[in-house]
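1. Predicted coordinates and the sequence they were generated for:
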Amino acid sequence: MCGIVGFTGNKQAADVLLDGLSKLEYRGYDSAGMAVLDENGTTSVVKAAGKLDHLKQKTDNGRLLPGTCGIGHTRWATHGAPNEKNAHPHLSGALDDDPSEYRASDVIGVHNGIIENQEELREKLLRHGYQFYSDTDTEVAIKLVDYYLKKYRIGPIDAINRMMVRVRGSYALALMFREHPGEIYAARKDSPMIIGISEGESYLASDVPAILQYTRNVYYIENYQAARILPGKVQFFDLNGDEISLEQVTITWDAKAAEKGGWEHFMMKEIHEQPQALRDTLHHYLMDGQLDFSQAGLTDEILQGADSVCIAACGSAWHVGMTAQYVIEDLAQVPVRVELASEFRYRKLLLSPKTLVVVISQSGETADSLEALRIAKERGLKTLSVVNVQGSSIAREADHVLYTLAGPEIAVATTKAFSAQLMVMYALAVQMAYVRGRIDREQYEGYMKELSAIPDKVASCLETKAHIQRIAARFSGARDAFFIGRGSDYAISLEGSLKLKEISYVHSEAYAAGELKHGTISLVEEKTLIIGLLTQRNVMNKTLSNMAECKARGAFLLGITQGENSEAQSQTDDLISLPVSDEHFSGLLSVIPLQLLGYYSSVSRGLDVDKPRNLAKSVTVE
Ligand code: F6R
């Protein structure tokens, strides 16, 4: 969802803001804007509909906004159309073409989140003489701060605190006050926000990549806390207005990891980073050749004590859960249920008190996943999160966290984080199986050897690139595609289908192969693309029969299998053979050609691979 950036220090703020916003564009990109406050309390605001380039052009690359303190925003519309009027920053005063009007605004701010009671607050403010120029909930929140500031003649922190008590919903807010030049004020509830500090300079952002090249020393501001940010210094306050101290955290990510580094798209770069991400993730949990989760406090006793596992996640992370359930149930023989986090939070799930609830999330900020985690904790269940972003809310709030070491993922469509999550879940399955006595030492070592071999095999899978590119070109005009498989092949089909549709806009569906003929097969016609996953030997022939049923209706069959496979070869129109691995872990290999198919299909249609329409990387609203 929306990205926010702030800077105060001794550089030109607009340069830092534009740079930070370009790193956050993946969070939302229907409009953008910046406000810079100079030392005399004069504010310049520029907004532009569309992508960040429009804002760059409109501000002559920031040169039209002089000053060393500013805030910026890239928007993913929640309230109000994606136009210039609704773009952030928003003002306590009026929005006018004449920039001198901005000087009349005492409060200027940017916001990420949703204010749920904005209608009621808008009415209240209208009664007090405020006028609104936009349809946004953000303008309401900013005018509310202004209202408290003046009504009680209080300072920014007290006014922000009163606003926090009054609004319902989620927000990360960055505000500037005309009477406080050189300072940025921040507040947060359920939307991510970090504050970074370096010598004489301070930064604020929704996510680490925006400020990684300037500093790695950051603070994670918590719910209902506010901050006063000065050059090189920050103070934190609780809801009573009392100053509190927060711990500084050092980010370990390499700044270069958030750059495109010569690749045409982040997605392709990240697809190629998978062997390393998998190696780093697995090695992080290996101690003398053995898995060790003790750094996360996840002891053998916890893994032995769980009588079931419930996985909650969204989108691709849910597909990781769907894939892992087959492996955990088969190896560890523990019942697993996998829930969409958005459903989990509103269902009264009958879970035993000994359920281990696993929440999987790249960003660690997905609103539904975070809420599922909180509900599980409220119910007294043991919680484990699998998260990529260090210090994110889901990582901090779970009882235990297993980090994936995928590094910053910028492309909206996940690839390397998905794979790293799957690696963690496979490792968890093996460890659970071992400590629960379901596999012996020899089997354990065998599985560990298989897992260790996966990164190199993934590197070999990348060699299917040219082949996949040809298939994508051949089907560049396709209207529909169907991904089918059985068992964990079905779960990977879900991910393949999402990868294709989210970035190429081709309608695609994933089906358990045996289910197709219960309705969906009526959509199959001449030249429909059917992608069949054939890595599970025990059900391969069944899936091949289902593919044949589609062939009989004119479909084109693409198979994905492991090693030489004459049956699959003779019964498909085209076959991709991947390296052989233990079938439990084949998902990490078969997903690679599917990621590539999504990528090349998007490229062949001339689409924006890294920033597909309507999507945002981190979904912090429900
Ligand atoms: C698809 C994709 C999304 C995310 C989902 C959950 O390519 O990236 O479906 O997987 O929004 O996000 P996280 O993992 O950040 O909770």
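-> Looks like it arrived, so ask away.
2. What average pLDDT does stretch 218-233 get?
-> Average pLDDT, stretch 218-233: 95.
3. Quick check: buried residues in it?
-> Across stretch 218-233, burial judged by 16 or more other C-beta atoms under 10 Å covers 218-221, 225-231. Just so you know, the C-beta spots here come from the backbone N, C-alpha and C atoms, and that holds for glycine as well.
4. Please apply the same query to stretch 516-529.
-> Residues of stretch 516-529 classed as buried: 516, 521, 524, 528-529 (neighbour count, 16+ other C-beta under 10 Å).
5. quick one: the strands in the stretch 251-400 of the chain?
-> In the stretch 251-400 of the chain, the strands defined using DSSP state E, counting those that start in this stretch lie at 286-287, 290-291, 308-313, 336-340, 355-361, 382-387, 400-403.
6. which of the ones you listed is buried the deepest?
-> Highest mean neighbour count among the strands of the stretch 251-400 of the chain (mean count of other C-beta atoms under 10 Å): strand 355-361, with a mean of 29.
7. Neighbouring strands - and their directions - for that strand?
-> strand 308-313 (parallel), strand 382-387 (parallel) (DSSP bridges).
8. how about residue 333, what does it touch?
-> Contact analysis of residue 333 by C-beta atoms under 8 Å, 6 or more residues apart in numbering lists 433, 436, 438.
9. what about the strands of the stretch 251-400 of the chain, which gets the closest to the ligand?
-> strand 355-361 (3.2 Å; C-beta to the nearest ligand atom).
10. residues near residue 242, how many?
-> Neighbourhood size, residue 242 [other C-beta atoms under 10 Å]: 9.
11. and what of residue 182?
-> Applying other C-beta under 10 Å, we find 17 residues neighbouring residue 182.
12. you'd agree it is up against residue 9?
-> No - counting by C-beta atoms under 8 Å, residue 182 stays clear of residue 9, with 9.2 Å between them.
13. shared neighbours, the two?
-> Counting by C-beta under 8 Å, 6+ apart, the shared contacts of residue 182 and residue 9 are 68-69, 231.
14. out of those, who's nearest the ligand?
-> Checking these against the ligand by C-beta to the nearest ligand atom gives residue 69 as the nearest, at 31.1 Å.
15. residues contacting the closest one?
-> 7-9, 13, 36-38, 176, 181-184.
16. Count the residues that sit near the closest residue in space to residue 192 that isn't next to it in sequence.
-> Distances taken as C-beta to C-beta, 6 or more residues apart in numbering put residue 365 closest to residue 192, at 4.5 Å, once the chain neighbours are dropped. Each residue near residue 365 was counted by other C-beta under 10 Å, and the total is 26.
17. Contact partners for residue 365?
-> 191-192, 389, 392-394, 618, 620.
18. gap between the two ends of stretch 326-339?
-> Stretch 326-339 has its terminal residues 14 Å apart, counting by C-alpha to C-alpha, to the nearest Å.
19. and the stretch 151-300 of the chain, which residues reach the ligand?
-> Residues of the stretch 151-300 of the chain found near the ligand (C-beta under 6 Å from any ligand atom): none.
20. What are the boundaries of the helices in the stretch 151-300 of the chain?
-> Taking DSSP state H, counting those that start in this stretch, the helices of the stretch 151-300 of the chain run over residues 156-166, 266-272, 274-284, 300-305.
21. For the first one, C-alpha coordinates in CSV please.
-> Output of helix 156-166 as CSV, limited to C-alpha atoms (Å, rounded to 0.1, in the frame of the first residue of the first chain):
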residue,chain,number,x,y,z
PRO,A,156,2.1,18.8,17.8
ILE,A,157,2.6,15.7,20.0
ASP,A,158,-0.4,16.4,22.1
ALA,A,159,-2.5,17.2,19.1
ILE,A,160,-1.4,14.0,17.4
ASN,A,161,-2.2,12.0,20.5
ARG,A,162,-5.7,13.5,20.6
MET,A,163,-6.2,12.6,17.0
MET,A,164,-5.0,9.0,17.7
VAL,A,165,-7.5,8.6,20.4
ARG,A,166,-10.3,9.9,18.1
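22. what residues does that helix touch?
-> If you take C-beta under 8 Å, 6+ apart as the criterion, helix 156-166 is touched by 121, 141, 144-146, 148-149, 152, 154, 173, 175, 177, 180, 183, 185, 187, 189, 224, 226, 228, 237, 239-241.
23. And the second one, by the same measure?
-> Around helix 266-272, the neighbours that count as contacts under C-beta under 8 Å, 6+ apart are 26, 260-261, 263, 409-411, 413, 415-416, 462, 503, 592, 595-596, 599, 609-610.
24. check contacts around residue 171.
-> Neighbours of residue 171 in contact, by C-beta under 8 Å, 6+ apart: 111-115, 141, 187-191.
25. would residue 484 count as being in a strand?
-> Yes - per DSSP: H, G, I helix; E, B strand; the rest coil, residue 484 lies within a strand segment.
26. Would you confirm that it contacts residue 491?
-> No - Residue 484 sits out of contact with residue 491 when judged by C-beta under 8 Å, with a separation of 11.9 Å.
27. tell me, what's touching the two both at once?
-> By C-beta under 8 Å, 6+ apart, residue 484 and residue 491 have no common neighbours.
28. Check the gap between the closest residue to the ligand within the stretch 251-400 of the chain and residue 363 for me.
-> Using C-beta to the nearest ligand atom, residue 315 is the residue of the stretch 251-400 of the chain that sits closest to the ligand, at 1.9 Å. Separation of residue 315 from residue 363 (C-beta to C-beta, to the nearest Å): 11 Å.
29. more neighbours, these two?
-> Neighbours per residue (other C-beta under 10 Å) separate residue 315 from residue 363, with residue 363 holding more: 27 against 23.
30. Does that one touch residue 616 like I think?
-> No - judged on C-beta under 8 Å, residue 363 makes no contact with residue 616 at a distance of 10.1 Å.
31. how far away is the closest residue in space to residue 106 that isn't next to it in sequence from the ligand?
-> Nearest residue to residue 106 in three dimensions, chain neighbours excluded: residue 178, at 4.8 Å (C-beta to C-beta, 6+ apart). Distance from residue 178 to the ligand, counting by C-beta to the nearest ligand atom, to the nearest Å: 37 Å.
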